[in-house]
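> next come a sequence and a model predicted from it.
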Amino acid sequence: MTSIEQHTVPDGPGATLPLRGDTRIPVLGLGVFRAPAGGATQTAVTAALKAGYRHIDTAAVYGNEADVGRALRSGVVDRDQVFLTTKLWNADHGYERALAAFERSRRLLDVDHVDLYLVHWPVPALRPETWRAMEHLLESGRAKAIGVSNYMPRHLEELLRSANHVPAVNQIELSPYNYRSRLDTIELCRANGIQVEAYSPLTKGLKLADPPLVRIAGAHGRSTAQVLIRWALQKGVVVLPKSTRAERIAANADVFDFALTDAEMATLDALDENLATGWDPTTAP
C-alpha cells in the first residue's frame with residue numbers, strides 16, 4: 001500500500017480544515033489525556049490558549065472536563081473562538097445512556113454546545129444504537145459535529161452501512177511508527193470525507209530518541225517532537241499533542257515555519273512498526 005500524498009500545511013495553530021456541514025476544525029489541538037484534574041489542567045489549557053491554540057480535546061473518562069471549562073471561562077479568548085471536543089465513554093453506550101452522558105459532559109464543561117462529540121471506543125453490540133444518539137445530538141445542535149475514535153475499517157464499514165450522518169472525524173493513534181499499518185483506515189476515512197485526527201502523535205515519548213528522527217530534527221534545528229507534529233500536519237492530519245508544561249505546549253505549536261522534504265517524509269513513513277502505545281483497536285470486535 002502506498003503512502004498518502006502530502007497536503008498543504010496551514011500557517012498557524014489556529015488555522016482550520018473543513019468538516020462536514022459548515023464546521024471547521026483547527027489543525028492543532030491540546031490533548032488533556034492524563035492531565036490531572038484541578039489546577040494542572042486549567043493551567044495547561046490557559047497556556048495553550050495564550051500560545052495560539054484554538055482547539056482543546058478532552059473526554060468524560062479523563063475526569064477533567066470541569067477544569068477545561070473553567071479555563072475556557074478564564075477570559076483568555078472568547079468561547080466561540082475555541083473548538084471544544086469531548087468523548088462518550090464505554091460504559092455510556094446505548095441511546096438513552098449516551099444522551100445522558102452528553103448532558104453530564106456539557107454541564108461539567110459549562111457550555112451550551114460542544115464543537116465535536118466523539119464515540120471514544122467501538123464498544124460491541126451497542127454501536128448502532130449509540131450512533132443514533134450521536135445523530136440526535138447533531139440534529140439538535142448540541143454537538144456541532146460528531147465522530148468516532150479508535151475505529152478501524154470494520155467498525156467504520158459497519159457504521160457507514162446504517163448511518164444517516166457520516167462521522168466528521170475519526171481520532172486514532174497515529175505517528176510514523178504506525179502510519180503504514182493504519183493506511184487502510186486513513187484511506188477509508190479520506191474516501192468518505194472523514195477527517196483523521198492523531199492522538200499520541202509523540203509516541204508518549206517512546207521514540208523521541210530514535211536515531212533517524214533525531215537526524216531529521218538536527219537538520220532543521222528542531223526537537224524530535226516538533227518533527228513528529230510537522231509530519232502529521234504535512235499528512236493533512238489534525239494533530240493533538242499532549243503536555244501540561246507551558247514551554248512544551250508553546251514549542252509544540254512552533255511548527256509552522258519549517259517543512260520536511262519529500263525524502264524526510266519518506267524516511268519517517270518507513271519507521272512503521274505497528275506501534276500502539278495504549279489501546280490497540282485492531283483487536284476490538
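Noted; the coordinates are in hand.

> so for the helix or strand containing Lys87, mean pLDDT?
Using DSSP states H and E, Lys87 sits within strand 83-88. Across strand 83-88, the average pLDDT comes to 98.

> that strand packs against which elements?
Here strand 83-88 is seen to pack against strand 24-26, strand 55-57, helix 65-72, helix 95-109, strand 116-119 when contacts are counted using 3 or more CB pairs under 8 Å, 6 or more residues apart in numbering; DSSP states H and E. C-beta coordinates here come from the backbone N, C-alpha and C atoms, glycine included.

> most packed of the ones you listed?
Of the helices and strands packed on strand 83-88, the one with the most neighbours on average (mean count of other CB atoms under 10 Å) is strand 116-119, at a mean of 27.

> elements contacting the next helix or strand after that one?
On the C-terminal side of strand 116-119, the closest following helix or strand by DSSP H and E is helix 127-140. Helix 127-140 is packed against helix 95-109, strand 116-119, strand 146-149, helix 153-162, with contacts defined by 3+ CB pairs under 8 Å, 6+ apart.

> contacts for the last one?
Meaning helix 153-162. 122, 127-128, 131, 148, 151, 166-167, 170, 184-185, 188-189, 192, 194, 281, 284 (CB atoms under 8 Å, 6 or more residues apart in numbering).

> what does the average pLDDT come to for that helix?
97.

> now it: buried residues?
Buried residues in helix 153-162, counted by 16 or more other CB atoms under 10 Å: His155, Leu156, Leu159.

> measure the last one to Arg142 for me?
Which is Leu159. Between Leu159 and Arg142 the distance is 20 Å, computed by CB to CB, to the nearest Å.

> if we can go back for a sec, among the contacts of helix 153-162, name the buried ones.
Neighbour counting over these (16+ other CB under 10 Å) leaves Pro122, Arg127, Trp131, Val148, Tyr151, Pro167, Asn170, Thr185, Leu188, Cys189, Ile194, Pro281 as the buried ones.

> show the contacting residues for the first one.
When the contact criterion is CB under 8 Å, 6+ apart, the partners of Pro122 are Val148, Asn150, Tyr151, Met152, His155, Pro281, Ala284.

> with that, I have no additional questions.
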